[in-house]
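Here is my input; please provide its structure:
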Amino acid sequence: MASIKGIGGVFIDSNDAEKLANWYQSVLGIKMETHPDGTGYYRVFLTRDIGTSVIRENPVFAINQVEEHLPTSGRGFTLNLRVDDLDQFLEQLQTKNVKNEGKILEWERGRHAWIHDLDGNRIELYEEILLNG
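Sure, this is the predicted structure:
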């Protein structure tokens, strides 16, 4: 039976793709490239396939320029980004005037905090706690 094996990418539509891509680059450090067709911006992350250990170029993170104006609320999704040190990353964001929602969720598998980008999209920052054995 066919099944989903992971996330291939995240695609965000924006009223101002260039401004939003610059925010993700300057605030979160995600180096964005202009899409070859000139309509948006993207970044491809490298991951390792669990079964074969082959390095893949996915998932992709992309910001697309929309033609028709989008509403500023009610977008209905959360982008989850993995970080290696949640506390340090939140401190870095604070120096860039990005506030978190004021809470950190901690459990046996990780720690989570939430922020919002310039378009109001909710971003969950996740620090994984690696399990031994």
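
Spatially central, which residue of the protein would that be?
Centroid check for the chain by C-alpha atoms, centre = their mean gives L81 as the closest residue, at 4.3 Å.

Look up the residues forming beta bridges with it.
L125 (DSSP bridges).

Please verify my assumption that it contacts N121.
No - with contact defined as C-beta atoms under 8 Å, L81 and N121 do not form a contacting pair (11.5 Å). (C-beta placed from N, C-alpha, C; glycine too.)

avg pLDDT for the lengthiest strand in the chain?
In the chain, with assignment by DSSP state E, the single longest strand is strand 55-65. For strand 55-65, the mean per-residue pLDDT is 88.

ditto for stretch 8-20
92.

How far away from the center of its chain is that stretch?
11 Å (C-alpha atoms, centre = their mean, to the nearest Å).

Convert the C-alpha atoms of that stretch to CSV, please.
What follows is stretch 8-20, C-alpha atoms only, in CSV (Å, rounded to 0.1, in the frame of the first residue of the first chain):
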residue,chain,number,x,y,z
GLY,A,8,8.3,17.4,0.3
GLY,A,9,8.0,21.0,0.9
VAL,A,10,6.2,24.1,2.3
PHE,A,11,4.8,26.7,-0.1
ILE,A,12,3.6,30.0,1.3
ASP,A,13,1.6,32.4,-0.9
SER,A,14,2.2,36.1,-0.1
ASN,A,15,1.0,39.5,-1.2
ASP,A,16,4.7,40.6,-1.2
ALA,A,17,6.9,37.6,-1.8
GLU,A,18,10.1,39.6,-2.0
LYS,A,19,9.5,41.3,1.4
LEU,A,20,8.5,38.1,3.1
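
residues making contact with that stretch?
39-41, 58-66, 69-70, 79, 117-119, 121 (C-beta atoms under 8 Å, 6 or more residues apart in numbering).

ok, now with 6 Å
Outside of stretch 8-20, the residues within contact range by C-beta atoms under 6 Å, 6 or more residues apart in numbering are 40, 58-66, 69-70, 79, 118-119.

now the residues you listed: which count as buried?
Among the contacts of stretch 8-20, those classed as buried by 16 or more other C-beta atoms under 10 Å are G40, P59, F61, A62, I63, N64, Q65, D119.

Touching, A113 and E127? I think so.
No - applying C-beta atoms under 6 Å, one finds A113 not in contact with E127, separated by 8.7 Å.

Lovely, talk soon.
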